[in-house]
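> The following comprises the amino acid sequence and a computationally predicted model.
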Amino acid sequence: MRTSRLPPFNSLRAFEAAARRGSVLEAAAEQGVTPRSVSRYMELLERDLGTEPFIRRSDGVTLTAAGREYAGMPGGIFRNPRAETDGIPRVFTSATLTADQFS
């Protein structure tokens, strides 16, 4: 069983808005934040998911296969974010040290 950290709520909101609108600018306007804020939330989400949910283009964003899977979960990403986040295949991995490893 995978025990990943749940992405921050603002990252999930930015993802959902950008996925639905296909645009960082429109997602930012909808949420009342700057486009840089939405981009930063998307970067955090990529880190937390371990994969890239978007392909960035000059005219907007397009969902990758992982992004489509994440956006297309039944009930959307807000219904059961833990199960949906754990279901995304990881591309990046990072080592985590725990206190018991030093005992």
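Alright, I've got the coordinates. Numbers count the residues shown, from 1 in each chain.
> Every contact and neighbour count from this point should use C-alpha atoms.
Fine.
> Below-threshold pLDDT in this structure: ranges please.
1-4, 73-103 (pLDDT under 70).
> can you give me the strands for it?
54-57, 60-63 (DSSP state E).
> can you list the residues that contact the last one?
Counting by Cα atoms under 8 Å, 6 or more residues apart in numbering, strand 60-63 makes contact with 18, 19, 22, 23, 24, 53, 54, 55, 56, all of which sit outside it.
> Residue 67: what's its closest spatial neighbour, skipping adjacent residues?
The shortest distance from residue 67 to any non-neighbouring residue, by Cα to Cα, 6 or more residues apart in numbering, is to residue 53 (3.8 Å).
> Please apply the same query to residue 22.
residue 61 is the one closest to residue 22 (Cα to Cα, 6+ apart), at 5.1 Å.
> is the one you found in a bridge, and if so with what?
Here residue 61 sits in beta bridges with residue 56, as judged by DSSP bridges.
> Can you get me a residue count around it?
17 (other Cα atoms under 10 Å).
> longest helix in the protein, by residue count?
helix 35-49 (DSSP state H).
> Now it: buried residues?
Neighbour-count burial for helix 35-49, counted by 16 or more other Cα atoms under 10 Å, picks out 35, 37-39, 41-49.
> Tabulate those residues (JSON lines), appending distance to residue 8.
Putting those into JSON lines (distance: Cα to Cα, whole Å) gives the following:
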{"residue": "35", "distance to residue 8": "17"}
{"residue": "37", "distance to residue 8": "13"}
{"residue": "38", "distance to residue 8": "12"}
{"residue": "39", "distance to residue 8": "14"}
{"residue": "41", "distance to residue 8": "8"}
{"residue": "42", "distance to residue 8": "10"}
{"residue": "43", "distance to residue 8": "11"}
{"residue": "44", "distance to residue 8": "8"}
{"residue": "45", "distance to residue 8": "8"}
{"residue": "46", "distance to residue 8": "11"}
{"residue": "47", "distance to residue 8": "11"}
{"residue": "48", "distance to residue 8": "9"}
{"residue": "49", "distance to residue 8": "11"}
